[in-house]
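Peer 1: Build me a structure from this.
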Amino acid sequence: MFHAGYRRGMSGTDFSPVEVGGEGGGFRVTGTPHAALRVEAWGYWPPDVVTAFARDASAAAQRLTSSAMFTLDATNLKPQGAEGQEALRAVLRSLAPLTFGKGVVLASNVLTSMQIARLVRECKLDGRLVFE
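Peer 2: The predicted structure follows:
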């Protein structure tokens, strides 16, 4: 399993990428919260990935600025159990009070898309995160 820390960069505004998990299930956070932040998730998450996702992806999302674009790429994410859904909910809750430029969710699996859509509604992000 690879895990790079989420740290403040040399300029004070950029962050180093985070990648947790392996081929079977994991996530990656790339970009910057000042321009475009991308959270890519795949597979079915084991408990260590669930914990890291809730912590690291939420921390990254909380730093979004009003002009930034947020993308949740769940194209290769499998439907998650209760713990995985709670981790997704944590990230969405961290977005709810923020003002950001644009939010996009990419999901190709119908069940995953339905799970995320339900969580988006629960977190009152309807219309702020669009599905593409």
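Peer 1: Now do whichever strand or helix holds Leu72: which elements does it pack against?
Peer 2: According to DSSP states H and E, Leu72 maps onto strand 69-77. Applying 3 or more Cβ pairs under 8 Å, 6 or more residues apart in numbering; DSSP states H and E, we find strand 69-77 packed against strand 36-43, strand 102-106, helix 110-122. Placement of C-beta: from N, CA and C, glycine included.
Peer 1: and it, how far from the chain's centre?
Peer 2: Between the centre of strand 69-77 and the centre of its host chain there is 7 Å, according to Cα atoms, centre = their mean, to the nearest Å.
Peer 1: Then stretch 72-79?
Peer 2: The answer for stretch 72-79 is 10 Å, by Cα atoms, centre = their mean.
Peer 1: May I have it as PDB, with CA atoms only?
Peer 2: Extracted in PDB, the C-alpha atoms of stretch 72-79 (Å, rounded to 0.1, in the frame of the first residue of the first chain):
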ATOM      1  CA  LEU A  72     -14.900  13.200  -7.500                       C
ATOM      2  CA  ASP A  73     -13.900  10.600 -10.000                       C
ATOM      3  CA  ALA A  74     -15.700   7.400  -9.000                       C
ATOM      4  CA  THR A  75     -15.700   5.900 -12.400                       C
ATOM      5  CA  ASN A  76     -13.900   2.800 -11.100                       C
ATOM      6  CA  LEU A  77     -15.400   2.800  -7.600                       C
ATOM      7  CA  LYS A  78     -17.500  -0.200  -6.700                       C
ATOM      8  CA  PRO A  79     -20.600   0.200  -4.500                       C
END
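Peer 1: From Gly127, how far out is the residue most central in space within the chain?
Peer 2: Nearest to the mean C-alpha position of the chain, counting by Cα atoms, centre = their mean, stands Val39 at 4.2 Å. Per Cβ to Cβ, to the nearest Å, Val39 is found 19 Å from Gly127.
Peer 1: And for Thr65?
Peer 2: In terms of Cβ to Cβ, Thr65 sits 20 Å off from Gly127.
Peer 1: So those two - more neighbours on which side?
Peer 2: Thr65 (15 against 8; other Cβ atoms under 10 Å).
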